[in-house]
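Undergrad: Model the following, please.
(2 chains)
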Amino acid sequence: MGKIKFEIINKGKNIKARAGIIKTPHGNVETPAFIPVGTNSSVKSVSPRDLREMKAQAILANTYHLHLRPGEDLINKFGGLSKWMSWNGPTMTDSGGFQVFSLGIGLEHGVGKLLREEEGEPKPRLNKITEEGVTFQSHIDGSTQFLSPEISIQIQKKLGADLIVAFDDLESPKHNFEETKASLELTEKWLLRSKNAYKNSWQLLYGVTHGGAFKDLRVRSAKFNDKYFEAIALGGAHKNKQNMHDIVEWTVDNVSDEKPKHMLGIGEVDDIFELIERGVDTFDCVIPTRIGRTGFFFVSPSQGNIKNRFRFDINKPQFRTDPKPLDSNCTCYTCQNFTRAYIFHLFRSRELLSYSLLSTHNVHFLVNLTRQIRNAILTDEFKTLKKQWLV
RNA sequence: UCCGCGAUAGCUCAAUGGUAGAGCGGCUCCCUGUUAAGGAGAAGGUUCUAGGUCCGAGUCCUAGUCGCGGAG
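TA: Model (predicted):
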């Protein structure tokens, strides 16, 4: 297979936003693109048929989860991730780096990668990090597992996703400068080892930038990644949205323009505008499926706005008898066929279809929004569209 | 009509004579490279009624009301 290429079609005028295409053996990824997350090689409760219909550009799965179950060898025997899950389009795998965090310092600090006002309860970590790699206690059966840059890349080669990610160590958003710097230095070692293990696979390997909330470290990490990688993923923790915006700018400004940039794990509606505006090409996020399973659905302006984060809770009593679709501007399967009252009933009854209808709508919503933004970039109307949404 | 059993949160039920609780439901909040069809919180009571015994009664006694079962 030939090398994967990224082509910028049309740069935004007076802004960094650009439209492009990542050409992979499994098809093109038209950017900017929202990439739905299918951790276990399934976008939870959303079928590949629906994902194709809504024109999702790629799906992201997880190295750690698929390694534990069913194992990369089996998926390899079935022709690789894309065919295995009957998606047959472009795929991406995350390295397992995030699980180093979420099963480690994330548990200890009771935090996510974004610092929140209310902290979760500190819990004992389920892994141990050394320079060599990470020893995990499997969340499935408690068995001891080991992951390192070499092993992660080896697994990702077998899984066969088009876009793969180097193995990294996530800092806690509560870490100070010195702690964050130490984590960054470990990440840098792991990135180089990841690249070495990758050698010249046909896949596109993304480096990952880190450095927490600190400009010095972020700039250093951007330059480091630009030196060694043809594609750049933005990772790590941040303090708040403003800090995240700054981080994207510090990073993008220090990375070669022509390289594709992927923001790991971000995607609320306002984030999507802000990221694209600052030069991010692709991003993935569990939000549409996770909040779908817990009862939230996206709504477009004017019902949706920054204040309500473009989302309503289907569980609210007000929707019990509401005959409207989830979002009156939406063209997804759910909105074309079902009422809020019906989905309210399904959700209260814990009918499986409710998770599916809500998740399908939410994924469609973000995929579609991102495609609208792409079109707006191509017609030089990005700013106008952003104003319509983020008033 | 008689006998027995029961009556405690919206529902189903706990609670040695010693601060009336749980599950579910209802309400509110949370979720950003998924340990997640997940998590958190608050509210909610004349313990059927009226008497009595006791320092103290959801608990023991008496009568009544209602429900269920059995007998006739």
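Undergrad: The single nearest residue of the stretch 201-350 of chain A relative to RNA strand B - how many residues pack around it?
TA: Proximity of the stretch 201-350 of chain A to RNA strand B (C-beta to the nearest atom of the strand) peaks at A:Gly265, 2.2 Å away. The way it works is simple: take the backbone N, C-alpha and C, and place the C-beta from them, glycine included. A:Gly265 sits with 21 neighbouring residues when counted by other C-beta atoms under 10 Å.
Undergrad: Likewise for A:Pro32?
TA: 25.
Undergrad: before we move on, back to that, chain neighbours aside, what residue packs nearest to the residue of the stretch 201-350 of chain A closest to RNA strand B?
TA: A:Cys285 (6.0 Å; C-beta to C-beta, 6 or more residues apart in numbering).
Undergrad: try A:Gln145
TA: A:Phe136 (4.2 Å).
Undergrad: For the helix or strand where the one you found lies, enumerate the helices and strands it packs against.
TA: Per DSSP states H and E: A:Phe136 is located in strand A:134-137. Strand A:134-137 is packed against strand A:127-129, strand A:144-147, with contacts defined by 3 or more C-beta pairs under 8 Å, 6 or more residues apart in numbering; DSSP states H and E.
Undergrad: The residue nearest to the spatial centre of chain A: what's it in contact with?
TA: Centroid-nearest residue in chain A: A:Asp284, 2.1 Å away (criterion: C-alpha atoms, centre = their mean). The contact partners of A:Asp284, by C-beta atoms under 8 Å, 6 or more residues apart in numbering, come to A:Phe34, A:Ile35, A:Pro36, A:Val37, A:Leu60, A:Met92, A:Asp94, A:His262, A:Leu264, A:Gly265, A:Gly267.
Undergrad: and RNA strand B, which of the helices and strands packed on strand A:134-137 is closest to it?
TA: Closest among the helices and strands packed on strand A:134-137, using C-beta to the nearest atom of the strand: strand A:127-129, at 9.5 Å.
Undergrad: Now do that closest one: everything it contacts.
TA: Under C-beta under 8 Å, 6+ apart, the answer for strand A:127-129 is A:Gln99, A:Val100, A:Leu103, A:Gly104, A:Val134, A:Thr135, A:Phe136, A:Gln137, A:Asp169, A:Leu186.
Undergrad: Would you point out the most distant pair within these?
TA: The two members of these with the most space between them (C-beta to C-beta) are A:Gln137 and A:Leu186, at 20.3 Å.
Undergrad: so A:Glu196 is in which element?
TA: Just to correct that, residue A:196 is Asn rather than Glu. Using DSSP H and E, A:Asn196 sits within helix A:177-198.
Undergrad: C-terminal to that helix, what's the next element?
TA: Taking DSSP H and E as the definition, the helix or strand right after helix A:177-198 is strand A:204-209.
Undergrad: tell me how far that next one is from the chain's mean position?
TA: 13 Å (C-alpha atoms, centre = their mean, to the nearest Å).
Undergrad: mean confidence score for the next helix or strand after that strand?
TA: Per DSSP H and E, the first helix or strand lying C-terminal to strand A:204-209 is helix A:215-228. The predicted model assigns helix A:215-228 a mean pLDDT of 98.
Undergrad: repeat for stretch A:28-41
TA: Averaged across stretch A:28-41, the pLDDT comes to 98.
Undergrad: First-to-last residue distance for that stretch?
TA: Stretch A:28-41 has an end-to-end distance of 20 Å (criterion: C-alpha to C-alpha, to the nearest Å).
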